[in-house]
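> Here is the input, now give the coordinates:
(chains A, B, C and D)
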Amino acid sequence: MTIMRHDPDHLHCEHGDPSRELIHVDCASHTYPDGSVGIHEMCFHVLQDEIVALCGPNGSGKSTLIEHLNGLLLPTQGDIVINGRSVTRGEREGLWKEVGVIFQRSEEQLFAPTVLDDVMFGPLNLGMAPDDARAAALEALEAVGAAGLAGKLPNYLSGGQKRLVSIAGILAMKPRIIAMDEPTSDLDPVHSARIESLIADLKTRYGISVVIATHDLELAARIADRICLVKDGAVFAEGSPREVFYDSALIGEAGLKQPDTVMTWLEYCRSHGGPREERPVTRAELVQLLGAHPGREPEQKDREP
Amino acid sequence: MTIMRHDPDHLHCEHGDPSRELIHVDCASHTYPDGSVGIHEMCFHVLQDEIVALCGPNGSGKSTLIEHLNGLLLPTQGDIVINGRSVTRGEREGLWKEVGVIFQRSEEQLFAPTVLDDVMFGPLNLGMAPDDARAAALEALEAVGAAGLAGKLPNYLSGGQKRLVSIAGILAMKPRIIAMDEPTSDLDPVHSARIESLIADLKTRYGISVVIATHDLELAARIADRICLVKDGAVFAEGSPREVFYDSALIGEAGLKQPDTVMTWLEYCRSHGGPREERPVTRAELVQLLGAHPGREPEQKDREP
Amino acid sequence: MSPSMISEHIPDLDLITSCAERQDSVFSRASPWTKLILLILVVLVITLTANLLVLSAIYIGILVSCFAAGLPMRKIIAWYAMPVIFVLSLVGILAWTEPGIALISIPLGGFVLTLTDQGVLLVVTLLLKALISVTFSLFFLMTTKYAHFSAMVSRIFPSPLDQVFLLAYRFLFLTLAMAASLLKAVRSRGGGLIRSIRVQGRLFAGIFGLVFIRSFERAERVEKAMAARGYNGSLSAHTKIPAPGIAGYFLICAGCSAVLLLLWISPHAAGGW
Amino acid sequence: MAHIHLEDGAFSLTWVLVWWLLALVCIGIALWILRSKGRKDTGRITLAAFVTAAAFALFQVNIPLFGGVHLNLTPLVGILAGPVLGSLVVLVINILSAAIGHGGWGLVGANVLVNLAEVLVAFAVFRGSRTFLPDLFSRAGIATFAGLFTGNLIMIGIILVSGVQGVTQSPEQVLAGLSLIVAVNMGVAVIEALLSGLIVRYIGNVRPDLLGEQKG
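Residues are numbered from 1 along each chain as shown, chains lettered A, B, ... in the order given. Alright, predicted model coming up:
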């Protein structure tokens, strides 16, 4: 994978690998009734078995894009094809069965009186019998590690628990794709870590492709297969974390900051002459590299060949 | 400063430096009407010219403590002394003039029709004439770098702008202490960095002591003079970032994760034998140390003396 | 089911406000006081006269102003739905028994319902009056900046009514956004496909209940934030409201004269001109 | 739609002024009660503001039952906010409603009186039934229906007394026509009563303290 910069004059997006493509957002634009632009000529795709991170500052259009993925919003221009069905050609009914969406504020998603009722809501809408729906809900709660919450009132859960329950509510419907808006914002480190490993699980254990919108690039670096940088309502560059996060100019252009690991390595290379062609993105990689390449600190210089 | 572990059997907290002490929370407890415990035998103090970080997971009691600092809540047991006045002895009137509090959700703190009206709200309540209040508000907006927003509607501000305006609303009242609840949660990296430098400014330029409640230990490591670890409604350990963040057991006990920089250094030391007595907490320190201490990677060993 | 459960036929305050903020026509620059006084005068005129010619002239004048101000006319017409229903459900029934020349007769059991020319005239007149009032209100809202509007509220209403009004208006948008995101969450999990009244009823009761609960909780938090800045019951808006210009005074004088004229002649001509 | 708002032009100037004046007297009493309780009770002001915002926002939600229902919510306001705060809420809601064309400016007075009756009756029935009806659903449902029924009676009374401008029928004829409206409105009121019952039961499950049940 190399960084692809999107050409704003180009009118159609190229397909990634059509046979594995689950979502294809084809040059879609959405203008809200008040005239503000949500997304603008956005090109984006999601393949089977991948975790894609949409990275961009607040207000760049990430949330608007996510609401297009299961038909909550329709593009005012362009097209979106999900599993081969074009939403603009009126086939958006039932999209919610294929793409599950988890919004940023969990408290505004849990509307049923109890946790179990809430998680059963999707399966019941899928037409399952109440007993099957209950079984599916309990299984999903088990999968996210929140089986003990089934009888609780959503109002009294902690932020992290609410997030887990809202993921269970989507998981119980067994969608092919799950899109999450800022999945770890507002959570403490322990809950964040739990959500993070759950996202990785969704892909490996359940074969679900995941789209996450986030400005936490550390998180994206750890779990995403592909990073899409979003600015002014469009994906303007994409590539693997290793490629994207080492392009300081690109990250700056997106209004973001490079992940800590990357900054540490770059600063180390700058001041101590480490090999810039290496590109660690996780802490383990960084530590290993640091051991392999001793810096050229003044006191070290005489020892160098 | 050394790490102080609070002794749960001890009934009074020792004072730090009474002459410089602005806030002294003396073994205060607060139980909510529904029976849940907000804080429990909490001992905590804030000195002049310092930035104190309250670090703990969601629900540990940080927010409850902050609401005690300006008299929004009163301790059900114990005492809180602010600037020499004991709040439990009924002197909480006017505490809001001395301790400004910035809550987590900025949008719920901007209640006036326009940004200028909002920032003028505190000064007007202080009894200033409208023209003076307007001047104070404009000055505060200038100080946070949001002068251009004066005529805007709060509804149309971004998350970061809302945070800046809510800080201006407090700053315009010129309190001696500002307490902030999760000041950077939900913000993108660029806005976070701006808020962070503003917090440092509050101390150095305006001589305001700052209390921040956060679970972002990276942030705390960069700006706090002292870290207080909070768990189950009490500060159970405190010390400088360098001391606290290198005590893995302590951080684990607090339900937190060590900052990235610390983890990187510790892992580096573990796998490559760096000097554990060194304790970098900022990236600059880490990078410098990494240069100074080449690891003992297999391929390096032969070069070592 | 409609794509959105937030009704298309009820004016969208978000859109109205953003329209008012972006507006820069001569109508937005006019003094809000002029527009407020004109609104009162228009209401008085339509209360005092039933003359179709006068009413039509006023209505056309307002429509032309809306158009000239660049307001979204399609939306405004969509928003007519509820007022039209309100008028028809009241007058639409009374109209059938009005005396006059019969136009249509419908036998209904033992009765015969007859629609007369007077009945039709009654419906048309009252509909026109309602539309004049609605359109001018929307015109006022959509050309008056929120800062001016709230400063007027601050001056007109006694405390604590002004406080309730200002806070309610500010937080209406957040509450609307909350309701919208709850509905989104419902739709994103397939809700809204009507299966049974019981399920649907429970679902919406849950959403409505939650909006109230969240509003209570938000009230508690806002109250804290206000107390933290010394709230003592006086939140106010300080934006200076521009005074009426010469054209404004002229319009106000003309409106007043019209009202006085109508007041003077109305006892002499019962039932309108 | 569970309610009819009177639009501008329906009443003559005299009656517009009479109803406005009466409404202002009621609001004045509510303000006097609130102020005599002390200025420092700022919590109730924010509460009233948020009930207003919630009720007004929820009015915009179209419930996909029977082709679309909009709840009036004034009885619920009465149950949740009580009569004193409720009357302020009702006034602000009516002014906001007039601004978007749901009810005329001249008729705000009459509409406030109708809503006030709904608030008062719903509150009284909800509180009064506590001793002999344990179930929140039935209490709120009955209170809502009673409130809306009274509101309709008041509306008919107001229309009969002031007369609709241009209508030349005898009061008996007008009453016959209005009865038809009441019949339709009562059908819709049943739906609103059921939904209000469910809403109050939901609130009772999640935040019973908000219903003020534990206090005397």
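
> List the buried residues of the lengthiest helix in chain A.
Counting residues, the longest helix in chain A under DSSP state H turns out to be helix A:189-204. The neighbour-count check on helix A:189-204 (16 or more other CB atoms under 10 Å in any protein chain shown) flags A:189, A:190, A:191, A:192, A:194, A:195, A:196, A:198, A:199, A:202, A:203 as buried. In this view, the C-beta of every residue, glycine as well, is placed from N, C-alpha and C.

> CSV for these, including distance to chain D and pLDDT?
Listed next are the buried residues of helix A:189-204 as CSV, based on distance: CB to the nearest CB, whole Å; pLDDT from 0 to 100:
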residue, distance to chain D, pLDDT
A:189, 29, 86
A:190, 27, 85
A:191, 23, 87
A:192, 27, 90
A:194, 26, 90
A:195, 25, 92
A:196, 30, 93
A:198, 26, 93
A:199, 29, 94
A:202, 30, 93
A:203, 35, 93
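
> In JSON lines: the residues you listed, plus distance to chain C.
Listed next are the buried residues of helix A:189-204 as JSON lines, based on distance: CB to the nearest CB, whole Å:
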{"residue": "A:189", "distance to chain C": "25"}
{"residue": "A:190", "distance to chain C": "25"}
{"residue": "A:191", "distance to chain C": "20"}
{"residue": "A:192", "distance to chain C": "22"}
{"residue": "A:194", "distance to chain C": "22"}
{"residue": "A:195", "distance to chain C": "18"}
{"residue": "A:196", "distance to chain C": "22"}
{"residue": "A:198", "distance to chain C": "18"}
{"residue": "A:199", "distance to chain C": "18"}
{"residue": "A:202", "distance to chain C": "17"}
{"residue": "A:203", "distance to chain C": "20"}
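
> show me which of those residues neighbour chain B.
For chain B, the contacts drawn from the buried residues of helix A:189-204 by CB under 8 Å from any CB of the partner chain are A:189, A:190, A:191.

> Checking the nearest residue to the first one once chain neighbours are set aside next. Helix, strand or coil?
So that's residue A:189. Closest residue to residue A:189 apart from its sequence neighbours, by CB to CB, 6 or more residues apart in numbering or on different chains: residue B:257 at 4.0 Å. Per DSSP: H, G, I helix; E, B strand; the rest coil, the local secondary structure of residue B:257 is coil.

> what helix or strand is the nearest residue to residue D:110 once chain neighbours are set aside on?
Closest residue in space to residue D:110, ignoring its immediate chain neighbours: residue D:19 at 4.1 Å, by CB to CB, 6+ apart. For residue D:19, the element it lies in under DSSP states H and E is helix D:13-36.

> how about the residues of chain A near chain C?
So chain A meets chain C at A:33-36, A:67, A:70, A:72, A:74, A:96-97, A:100-101, A:103, A:105, A:107-113, A:121-122, A:124-126, A:155, A:169-170, A:173 (CB under 8 Å from any CB).

> Those residues in strands, which ones?
A:100, A:101 (DSSP state E).

> From the residues of chain A next to chain C, keep the buried residues only.
For the residues of chain A next to chain C, buried by 16+ other CB under 10 Å: A:67, A:70, A:72, A:74, A:96-97, A:100-101, A:103, A:105, A:107-113, A:121-122, A:124-126, A:155, A:169-170, A:173.

> mind listing the helices for the chain?
The chain I'm using is chain A. Using DSSP H, helices in chain A cover A:62-69, A:95-98, A:115-125, A:130-143, A:159-171, A:189-204, A:217-223, A:241-245, A:248-253, A:260-272, A:283-292, A:298-301.

> wait, chain C
Using DSSP H, helices in chain C cover C:13-22, C:26-29, C:32-48, C:52-68, C:73-78, C:81-94, C:117-143, C:146-156, C:161-188, C:197-227, C:246-265.
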